[in-house]
Structures are given as C-alpha cells and as structure tokens.
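Participant: predicted structure and sequence below. I'll ask about it afterward.
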Amino acid sequence: MSSLPWLAPSAATPELRIALSSLLAALAIFVAAWLFNWLVRRALDRLCKRYDFAPAFAIGTRRAIGFLVYTIAFVAILQRLGVSGSALWGTLTGFVAVGAVAFFAAWSVLSNIFCTLLILTTRPFRVNDRIELLENGEKPGLKGRVIDINFVYTTLHETAEDGSDTVLQIPNSQFFQKITRRWRG
C-alpha cells in the first residue's frame, strides 16, 4: 500500500476525474487545431508555388485560416471546460458592440491623424504658405497663412478686410475633402 492515499486511483474524486478529462480534451483540441493548421499551411504553400500566387496572397490567407482555426479551437476548448455557448456568444457580441462604438467615436480623430501624416509626407502646403480651402471652384472659402500643422488641426492666421486678426483651426481631414488653393511664401 502506498503511504500517500490521495495518489491511489480509487481515492480520486469524481470532480478531479472530470477536471482531468476536460483538460486532456482541451489539450487534444489544441493539438488537433495545430496539426490541422500545419497541414492547411503546407497545402496552401504547395498550391501557391504550383500556380505562382503572389507571396502577399499566401501570407494573408495563412493568417486568416490560422485565425479561424484557432478561434474555433478556443471556443471548443471553452465549451469543453464548461463555458456555455450562450454566455460566450453574449460576451463576444458585447465586446464587438463596445469595440464598434469606440471605433466610430475615435474615427474622426484617427482620420485627422492619418491625414496629418499625408499632409506632412505629400506636402500639399507648408508652414507660412497662404492657402484657401474652397467648397467648390466658385465660392471663396477659408483662407489664411499656415502657422501650425499638428496631429488634428492645421492652424491658419487670417486677416479680415477690417484689419482684425483671427485664427482658424481646420481639421486636417478637410484638406482631403475639399479643394485647396495655395500661394507660396
């Protein structure tokens, strides 16, 4: 007899057996997903070489298939460990809804940041240039001398006809939605 009775097979509780079988099943699901992903990647590589597909296509397809396979495996493992499908689905849709709201809330800021990078790289105008932002080619628009370009706004110094000075802050995305007239210097 063993001096450690808790190691004896008859002493294992049903909960411990269920937990061990669930962990072994989860491990088996992960190994099966890895093996399936490996086989699909090899088949895809052969297919891409045979038909001379672009490397970018192969890389993108491998990533998409890997994401899909491991997502399905993750859901199967969670279900095997006792997480209900409806609770998992509710959690997933909640996260997607919050992510969508956050994305739309940040869209304007991200758009302006991206447009700033385009302004700084393509250089449609520079600091100290005089520009005019037109609605269309006929009507006069916002005009002034560029005094600053930051991640969200381009700041223009405008002198009105009566001699008063104003500062305009125009979101950078507007320069890609409207016509810009530029005078150097």
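Facilitator: Here it is on my side, so go on. Numbering: from 1, shown residues only.
Participant: ok now the host helix or strand of residue 98, how far from the chain's centre?
Facilitator: When elements are assigned from DSSP states H and E, residue 98 belongs to helix 85-122. Distance of helix 85-122 from the chain centroid (C-alpha atoms, centre = their mean, to the nearest Å) equals 7 Å.
Participant: walk me through the domains of the chain.
Facilitator: Using automatic domain parsing, the domain parsing of the chain gives 9-83, 87-185.
Participant: which SS state does residue 126 fall under?
Facilitator: The three-state label given to residue 126 by DSSP: H, G, I helix; E, B strand; the rest coil is coil.
Participant: and residue 167, by the same measure?
Facilitator: Of the three states, residue 167 takes strand under three-state DSSP.
Participant: from what I can see it touches residue 158, true?
Facilitator: Yes. Residue 167 is within contact range of residue 158, at 7.2 Å (criterion: C-beta atoms under 8 Å). Quick note: C-beta positions are derived from backbone N, CA and C, even for glycine.
Participant: ok, which stretches of the chain are helices?
Facilitator: Taking DSSP state H, the helices of the chain run over residues 14-51, 55-80, 85-122.
Participant: coming back round to it: make JSON lines out of the domains of the chain and add mean pLDDT and mean neighbour count.
Facilitator: Formatted as JSON lines, the domains of the chain follow (pLDDT from 0 to 100; neighbours: other C-beta atoms under 10 Å):
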{"stretch": "domain 9-83", "mean pLDDT": "88", "mean neighbour count": "13"}
{"stretch": "domain 87-185", "mean pLDDT": "88", "mean neighbour count": "13"}
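Participant: what's across from residue 169 in the sheet?
Facilitator: Per DSSP bridges, the residues bridged to residue 169 are residue 155.
Participant: and it, what is it in contact with?
Facilitator: Shown in contact with residue 169 (C-beta atoms under 8 Å, 6 or more residues apart in numbering): 153, 154, 155, 156.
Participant: need the pLDDT of residue 2.
Facilitator: Looking at residue 2, its pLDDT reads 50.
Participant: what about the residue nearest the centre of the chain, distance to residue 63?
Facilitator: The C-alpha lying nearest the average C-alpha coordinate of the chain belongs to residue 103 (C-alpha atoms, centre = their mean; 9.1 Å). Here the distance between residue 103 and residue 63 works out to 21 Å (C-beta to C-beta, to the nearest Å).
Participant: on that earlier part again, format the helices of the chain as a markdown table; extra columns: distance to residue 149.
Facilitator: Shown next, in a markdown table, are the helices of the chain (distance: least, C-beta to C-beta, whole Å):
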| stretch | distance to residue 149 |
| --- | --- |
| helix 14-51 | 44 |
| helix 55-80 | 33 |
| helix 85-122 | 6 |
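Participant: if I look at residue 41, how far off is residue 107?
Facilitator: As defined by C-beta to C-beta, residue 41 lies at a distance of 35 Å from residue 107.
Participant: what's the answer for residue 124, then?
Facilitator: 22 Å.
Participant: go on, residue 175?
Facilitator: For residue 175, the distance to residue 107 (C-beta to C-beta) stands at 17 Å.
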